[in-house]
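[1] quick one: sequence plus predicted model below, questions after.
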Amino acid sequence: MKEPVEVRGLKVNGYVMIDDEPCKIVSIDTSKPGKHGEAKARIEAFGIFDNRRRSVVYPVRHKVQVPIVNKKQAQAIALTGEGIQLMDLGNYEIFELPIPEALKDKLQPGKEVSYLESLGKRKITQV
């Protein structure tokens, strides 16, 4: 799910779609309007799922898409060959996700984890 928002309504630590990828905003710099022009905003962001740095420049009145990002809790059920099997604590759905390098030693069956869900993709964020 996405919703349109004007660039002037974006905030640091919020989310924005850049190159069809949901990104978390790191910084927003706004220039002053020129004699015949409009104020511009430079947005620096990191992709939520691919961790790539992206930057774009838009007029402040321009509408951009903002992804709906849900933060959810899950319980680790079992370690599999390539990832970990999780059960969502809200709707009891069972799914499998790859384990991030930073969390390989911390994830064990029975532990609760936080994960992000947006546009049909999921990512483990913390244990």
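    Yes, it's here.
[2] okay, the most centrally placed residue in the chain: pLDDT?
    Central residue of the chain (C-alpha atoms, centre = their mean): Ile48, 3.7 Å from the mean position. You'll see Ile48 listed with a pLDDT of 92.
[3] most distant residue from the centre of this structure?
    Most peripheral residue of the chain (C-alpha atoms, centre = their mean): Lys35, 36.8 Å.
[4] ok, now which ones touch Ile77?
    84-87, 94, 109 (C-beta atoms under 8 Å, 6 or more residues apart in numbering). Using the backbone N, CA and C atoms, a C-beta is placed for each residue, glycine as well.
[5] and for Pro98?
    So Pro98 contacts 82-83 (C-beta under 8 Å, 6+ apart).
[6] who does it bridge with?
    Pro98 has these beta-bridge partners by DSSP bridges: Gly83.
[7] offset the numbering so it begins at 59, please.
    With the count now opening at 59, the last piece we talked about shows up as Pro156.
[8] hang on, the earlier thing: any of the contacts of Ile135 buried? List them.
    The neighbour-count test (16 or more other C-beta atoms under 10 Å) marks 142-144 as buried among the contacts of Ile135.
[9] from the residues you listed, which is closest to Lys60?
    Nearest to Lys60 among these is Leu144, at 24.9 Å by C-beta to C-beta.
[10] ok, so what distance separates the closest one from Lys130?
    From Leu144 across to Lys130, the span is 10 Å (C-beta to C-beta, to the nearest Å).
[11] try Asp163
    Distance, Asp163 to Lys130, using C-beta to C-beta: 23 Å.
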